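Engineer: Quick one, what's the 3D model for this:
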Amino acid sequence: MTYRIAICYGRPADPAAFDAYYAETHVPLARKIPGLSAFTWGLCSALGSGEPPYYMVASLHFPTAEALDQALASTEMKAAGRDVRNFATGGVTMFTQSEQSVLIP
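Structural biologist: Alright, predicted model coming up:
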């Protein structure tokens, strides 16, 4: 089992500015969060017609619940969290999740 923070970003007012800020400023901040075992992100596309509910989803993975708890309390996480207001003009939804793989035992 791994532990994840999911960060779901709504459609920003200026997607090009969001993308640039995220890649150049926010990613380097988030990579400093202690205990990270994986960090992924991607732009969303609808499977059918219409717009997906989110513009981008990022996932921060941690190997244990303790590592997740320590990361959430860290100064690095607080800095990354404060930075979100600098670019997430479309809003943001965050939650934690324990994940179990169905393909790898």
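
Engineer: use CA for all of it now, contacts and neighbours both
Structural biologist: OK.

Engineer: how about the helices of the protein, start to end?
Structural biologist: Applying DSSP state H to the chain gives helices spanning 15-21, 27-30, 65-72, 75-84.

Engineer: In a markdown table: these, plus distance to residue 90, mean neighbour count and mean pLDDT.
Structural biologist: Output for the helices of the chain, formatted as a markdown table (distance: least, C-alpha to C-alpha, whole Å; neighbours: other C-alpha atoms under 10 Å; pLDDT from 0 to 100):
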| stretch | distance to residue 90 | mean neighbour count | mean pLDDT |
| --- | --- | --- | --- |
| helix 15-21 | 10 | 14 | 98 |
| helix 27-30 | 18 | 16 | 98 |
| helix 65-72 | 23 | 16 | 97 |
| helix 75-84 | 11 | 15 | 97 |
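
Engineer: any chance you could map the strands in this protein?
Structural biologist: Assigned by DSSP state E, the strands in the chain fall at 2-9, 38-43, 56-62, 92-99.

Engineer: I'd like those as CSV, with distance to residue 68, mean pLDDT and mean neighbour count appended.
Structural biologist: As requested, the strands of the chain are exported to CSV (distance: least, C-alpha to C-alpha, whole Å; pLDDT from 0 to 100; neighbours: other C-alpha atoms under 10 Å):
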stretch, distance to residue 68, mean pLDDT, mean neighbour count
strand 2-9, 7, 97, 20
strand 38-43, 12, 97, 12
strand 56-62, 6, 98, 20
strand 92-99, 9, 96, 13
